[in-house]
Every structure is written in C-alpha cells, then in structure tokens.
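In: Build me a model:
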Amino acid sequence: MQTESFFVQLPVLIFSIVCHEYAHGYIAARRGDDTAGLMGRLTLNPLPHVDPIGTIIVPVIAFFSSIPAIGWAKPVPVNPLRLESPRRDMMWVSLAGPLTNFALAGLFALFFKLTLVAVGMLGMALTSGSLAVLILKSAYYGVLINLVLAFFNLIPLAPLDGSHILAAKLSGGALEKYARINQYGPWILIGLLFTHGLDLILRVPIALAMWVFSALRIFSP
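Out: As a prediction, the model looks like this:
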C-alpha cells in the first residue's frame, strides 16, 4: 500500500511543481522579463522542468523517509535586470510559486468534496482499487502535497523560493555571507531529509491539511 501511495503522490507532485514553476515565469513575463518564454520554460509540459535532484532523488528519499512527496523542478530562468523593479519584482516572482501551491491546495480540497458528493448522489461504493477511491486519494494528496510544497519552498535555502525572498531583503556583507552558505543549499536540504530535520518544519502544513479535511468533514484515505 505504501508503494501504491507513492505512485499516486508522484503525478500530483509533478503537476504541482510544474504549476509552481510556470507561475514564476508568468509573473516574470508580466513584469517585463520574457527569458523563461524564450528558453521554452513558460510551459506546463513537465519535461523541460525536470531537475535530477529535486524531481527524482528528493521525492524518492521522501518516500523512504515516510513523509509526503516533496521536491522541486529546475528553476525557471529569470533575469532581474529585465524586470521593471528588480528587487520588488523578484520578491513577487518568488512568492508566485508558493501562492500557486496554496491555491492548488484549495482547488484539490474542493474537488475532493465535490467527488464525495457525487459518489453519495450516485450511490457508488468506495471499494479498494475503484476509480472513485483513486480520484479521492489523488485529491487528498493534492491538498497535502501543495501545502507541504508551499511551506517547503519558503525555507530560505537554495534553490527554494525562500532563498530569493530573503536575498531580496539582505544587502552588503550579510548578502555575501548568505550567498556563500546558500551555494550548498541543495545538499543541506538532502541532509535535512536524511536526518529527519525537515520533520519539524513539515508538521505545520501537515497539521494544516488535517485541519482542512476535518473542517470539511471529509476523511483521510
């Protein structure tokens, strides 16, 4: 069942991180930088967004760590010098990803609820392996994974959005010191996964997801 759960989570994760990256490129384009579009990254096709570490290795490690599937896609290229107001606009470009994940979590919760209502109206049985159960599980993980992604990406370590948000607030020597540490961001994140250091951080979105389902009076598959 755990393996089945992983293969339900993985497509939801890939869809969510692709939407996350698309949001970065879209906001950058709206603020004057069309670099992502010119490089073929302003697309919902997952292939151009695949990152070997964030899209493959990290989700597998998360699976063996018994935590929700998390990861990241290849960062969408953004040229701050082409933005109308580089520091301000980079802040919004970075925030666009997590905000998109919050929105997707809401949409998946609504889809879960509507599916349950439809199942009840049609008198369908929620048997193991049925299409209805598969849809409900996908929607459930859509809420959980997107909340986890939103909080996860706000961690101030490269290549996550929190690093760009924090960098926009720093200057001078503080920014230089942060940049030296931040170059090891991906490896620090993997280390946190192996040592379960992310568990404390992820308790917040997981608890929030459980509260959402409890508030809607819907069950956890």
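In: avg pLDDT for stretch 28-46?
Out: For stretch 28-46, mean pLDDT rounds to 95.
In: Straight-line length of that stretch, end to end?
Out: By CA to CA, to the nearest Å, the extent of stretch 28-46 from end to end equals 19 Å.
In: Buried residues of it, list them for me.
Out: 28-29, 31, 33, 35-37, 41-42 (16 or more other CB atoms under 10 Å). In short, each C-beta sits where N, CA and C put it, glycine included.
In: Look up how far residue 132 lies from the residue of the chain most remote from its centre.
Out: Distance from the C-alpha centroid of the chain peaks at residue 123, with 34.5 Å (CA atoms, centre = their mean). Per CB to CB, to the nearest Å, residue 123 is found 11 Å from residue 132.
In: dump the residue contacts of the spatially most central residue of the chain.
Out: The chain has residue 149 as the residue nearest its centroid, 3.1 Å off, counting by CA atoms, centre = their mean. Going by CB atoms under 8 Å, 6 or more residues apart in numbering, residue 149 touches 13, 16-17, 20, 70, 98, 101.
In: ok, of those, which one's closest to residue 59?
Out: Comparing the contacts of residue 149 against residue 59 with CB to CB picks out residue 13 as the nearest, at 6.1 Å.
In: show me what contacts that closest one?
Out: Counted by CB under 8 Å, 6+ apart, residue 13 has contacts 59, 69-71, 145, 149.
In: Would you mark the buried spots in the helix or strand containing it?
Out: Assigned by DSSP states H and E, residue 13 falls within helix 2-30. For helix 2-30, a neighbour-count test (16+ other CB under 10 Å) marks 6, 8-10, 12-29 as buried.
In: Show me where the chain dips below the pLDDT cut-off.
Out: 1-4, 216-221 (pLDDT under 70).
In: let's see it at 80
Out: Scanning the chain with the threshold set as pLDDT under 80 gives 1-4, 63-68, 122-130, 193-194, 196, 199-200, 213-221.
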